[in-house]
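Chemist: Any chance you could fold what I've pasted below:
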Amino acid sequence: MPDFCAAYGCSNRRSLKTRARGITFHLFPKTGKMRRTLLCSEHFRSEDFDRTGQNVRLKDGVVANIFNFPAHLQRVSSARVRKLQREKSNALRREKRSKMNMQALLEELKEKNLINEELKDNLECYSGKIKILH
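Modeler: Numbering: from 1, shown residues only. You can find the predicted model right below:
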C-alpha cells in the first residue's frame, strides 16, 4: 500500500512526524479502480470526518476539495466558477420573473372573482411569499 498522499503538490508521507501533527491518511475514493489511493486529511474539511469511533474515518459521500494547485492550473476552475455564478444569477432572475408573473395572474384571478379557497390554497404553495388578501 502506498504511504504518501497522492494529491498534486502534497508531500505528506505516512510517518510518525505527520501523525504527531494530527494528519491522517484515508483511502479515497472508497470504491473503483483508484480505491487504493491515499489522500491526507489536509485535503478535506474538518466536518468531512467521523471522529466518533476509535479511528478517524471519512463520512460517506465527501469530496476532497482543498488543494494547492499552481496558478496556471487554477484558471480553468476560476472560469468554471464564473460560469456557475452566471448560471446561478440567471436562475435567480428567472425565478423572480416567474414569481412576478404568478403574482400578476393571481391578482387578475382575484379581480375577476375566479378564485375559490381551494384554488387559492393550491396556488399559494407555488407563489412563494405571495399572500392573497380578500
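Chemist: Now the residue lying closest to C10 once chain neighbours are set aside: phi and psi?
Modeler: In space, and not counting its chain neighbours, C10 is closest to C40: 6.4 Å by CB to CB, 6 or more residues apart in numbering. To be clear about C-beta, it is placed using only N, CA and C from the backbone, and glycine gets the same treatment. For C40, the backbone dihedrals are phi -80, psi 160 (criterion: degrees, to the nearest 10).
Chemist: Contact partners for C40?
Modeler: C40 sits next to C5, A7, C10, N12, T18, I23, T24, F25, H26 when contact means CB atoms under 8 Å, 6 or more residues apart in numbering.
Chemist: So the fourth one sits against E42, correct?
Modeler: Going back to what we said before, that points to N12. Yes. With the criterion set as CB atoms under 8 Å, N12 and E42 qualify as a contacting pair; they are 6.7 Å apart.
Chemist: which neighbours do these two share?
Modeler: When contacts are counted by CB under 8 Å, 6+ apart, N12 and E42 are jointly contacted by C5, I23.
Chemist: how near is E87 to K99?
Modeler: Computed as CB to CB, to the nearest Å, the E87 to K99 distance reads 19 Å.
Chemist: With neighbour numbers in mind, choose between these two.
Modeler: Between E87 and K99, counted using other CB atoms under 10 Å, the more crowded position is K99 (15 against 10).
Chemist: SS state for the more buried one?
Modeler: Classification of K99 by DSSP: H, G, I helix; E, B strand; the rest coil places it in helix.
Chemist: And it, how far from C5?
Modeler: Applying CB to CB, the value for K99 to C5 is 48 Å.
Chemist: what does G22 give?
Modeler: Per CB to CB, G22 is found 14 Å from C5.
Chemist: swap in N55?
Modeler: The gap separating N55 from C5 is 18 Å, by CB to CB.
Chemist: those strands in this protein, which residues are they?
Modeler: The residue ranges that make up the strands of the chain, judged by DSSP state E, are 25-27, 38-40, 49-50, 57-58.
Chemist: Low-confidence bits of this protein, can you list those?
Modeler: Per-residue confidence of the chain (counting by pLDDT under 70) places the weak regions at 1-2, 29-31, 34-35, 74-77, 126-134.
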